[in-house]
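>>> Provide a 3D model corresponding to the input given below.
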Amino acid sequence: MQVVVGVALCRAGRVLAAHRARPPVGWELPGGKVEAGEEPADAAVRELREELGCEVEVTGWLEGAVALGQGMELRVALAHLVSGEPRPLEHDALWWVPTDLLGRLDWLPADVSFVAQLG
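Model prediction:
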């Protein structure tokens, strides 16, 4: 099973949402595929460095996994910012969303159950 990691980057009661510029278009928790021989937490750190230009530290994991099809599943890490400020290097927008507004965004279907755990 190919693991894909999403990252719930949290700061001061807010969660970073990233808007995808390419299909499927919508809001997501940033992240990507775990490479061969890579630990999921290391992949989360690498993916945010590549996608957002910042350094994060994984502090835990949300419950569950979501099947993405084609032998892939999504798991979501909790993380906090260590250095740098996230920039949309691979997305068209970023938003630090207050947790009470998370349910108002048009999340990609795979992220919905994880976002519900954050609100």
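>>> Which parts of the lengthiest strand in the chain count as buried, going by neighbours?
Longest among the strand segments of the chain by residue count, using DSSP state E, is strand 72-83. In terms of neighbour count (16 or more other Cβ atoms under 10 Å), strand 72-83 has its buried residues at Leu74, Arg75, Val76, Ala77, Leu78, Ala79, Leu81. Every C-beta, even on glycine, is put in place using the N, C-alpha and C of the backbone.
>>> Give me the mean pLDDT for the very next helix or strand once past that strand.
Next along the chain after strand 72-83, taking DSSP states H and E as the criterion, comes strand 93-98. What strand 93-98 shows for mean pLDDT is 98.
>>> partner strands of strand 93-98, parallel or antiparallel?
strand 14-19 (antiparallel) (DSSP bridges).
>>> Which other helices and strands does the one helix or strand in the chain whose mean pLDDT sits lowest contact?
Least confident helix or strand, the chain: strand 66-69 with a mean of 94, by mean pLDDT, DSSP states H and E. Here strand 66-69 touches strand 72-83, going by 3 or more Cβ pairs under 8 Å, 6 or more residues apart in numbering; DSSP states H and E.
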